[in-house]
Structures are given as C-alpha cells and as structure tokens.
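In: next come a sequence and a model predicted from it.
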Amino acid sequence: MNVQLKSLLHEFSRFASVGLLVTALGSALIFFSYNILHLGYWGASASSYAMASVVSYYLNKRITFNANGAWKTLAPKFFLNIVCCYLVAYRVAQPVIQYFLAKSPLQENVALLLGIVLFTLLNYLGQKFFVFRAV
C-alpha cells in the first residue's frame with residue numbers, strides 16, 4: 001500500500017472515529033427532539049446539527065485534519081459546508097423515503113436516518129476538499 005493511500009485511510013479512520021462520536025450525539029439529539037420534543041422533521045434535524053456541529057468543528061480541526069488555520073478563516077467555511085451538506089442530505093432523504101415508505105408510520109424517522117448517512121458522506125468530502133484543504 002502506498003504512503004499516500006495509507007495516510008488517507010488513517011485520516012479517514014480519525015474522521016470516522018470523531019464522526020461516530022458526533023453522529024451518536026447528533027442522532028440522540030435528533031430523535032429526542034423529534035419524538036419527545038415534537039419539533040418536527042426540520043426543527044429536530046436543524047437544532048441537532050447546530051449543536052453537534054460545534055463539537056464537530058473542534059474535534060475535526062484538531063484530531064482529524066490537524067489544521068492550524070485561524071478560526072475566522074476556517075469556521076465560516078466549516079459552517080458553510082455544514083449548511084450545504086445538511087440541506088442536500090435532508091432535501092434528498094425526505095422525498096426518497098416518502099416515495100418508498102409512503103404509508104409507514106416510521107417514514108420520517110427513516111428519512112432522518114438516511115439524512116444522517118448522506119450528511120456524513122458529504123460532510124467528509126466537504127471538510128477534506130474545502131474546509132481543511134491544505135491548511
């Protein structure tokens with residue numbers, strides 16, 4: 001295995017480790033907000049991502065990408081990435097699941113789960129190639 005691929009796999013494993021922690025936190029918040037607080041699909045997903053993204057920024061900046069860039073430079077890019085990934089993931093997830101599970105009472109819960117998966121994939125790519133690129 002070449003050095004560049006090994007480095008990429010090591011970086012992705014750090015991202016996945018941070019991601020598991022942040023995803024667990026965000027997922028707990030999203031399902032609590034949706035099922036207990038009854039914030040609805042968009043309220044539950046947006047509020048949980050807002051809270052989990054702050055944790056994600058600090059952990060990914062330091063642990064995953066070891067970025068030393070200035071907060072005022074990196075944070076706006078990070079949060080722009082989060083917003084774009086969030087909007088794409090959840091705009092795609094909801095109609096896809098509505099189509100496949102039109103009559104299921106679990107429809108929005110499954111859409112939230114698909115949104116989490118899509119968001120995670122898009123977020124890694126955005127952080128790797130946009131936010132923390134060559135920092």
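Out: Looks like it came in fine.
In: in the chain, where is pLDDT below threshold?
Out: Applying pLDDT under 70 to the chain flags the ranges 135.
In: how about the helices in this protein?
Out: Taking DSSP state H as the test, the helices found in the chain are 3-35, 40-59, 71-100, 107-126.
In: in TSV: the ones you listed, plus mean neighbour count and distance to residue 133.
Out: All C-beta spots, glycine's among them, are computed from the backbone N, C-alpha and C. As requested, the helices of the chain are exported to TSV (neighbours: other CB atoms under 10 Å; distance: least, CB to CB, whole Å):
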stretch	mean neighbour count	distance to residue 133
helix 3-35	15	12
helix 40-59	18	15
helix 71-100	16	9
helix 107-126	19	10
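In: so which of the ones you listed gets nearest residue 134?
Out: With CB to CB as the measure, helix 71-100 is the member of those nearest residue 134 (11.9 Å).
In: returning to what we had before: dump the helices of the chain to JSON lines, plus distance to residue 132.
Out: Compiled in JSON lines, those are given as follows (distance: least, CB to CB, whole Å):
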{"stretch": "helix 3-35", "distance to residue 132": "10"}
{"stretch": "helix 40-59", "distance to residue 132": "10"}
{"stretch": "helix 71-100", "distance to residue 132": "7"}
{"stretch": "helix 107-126", "distance to residue 132": "10"}
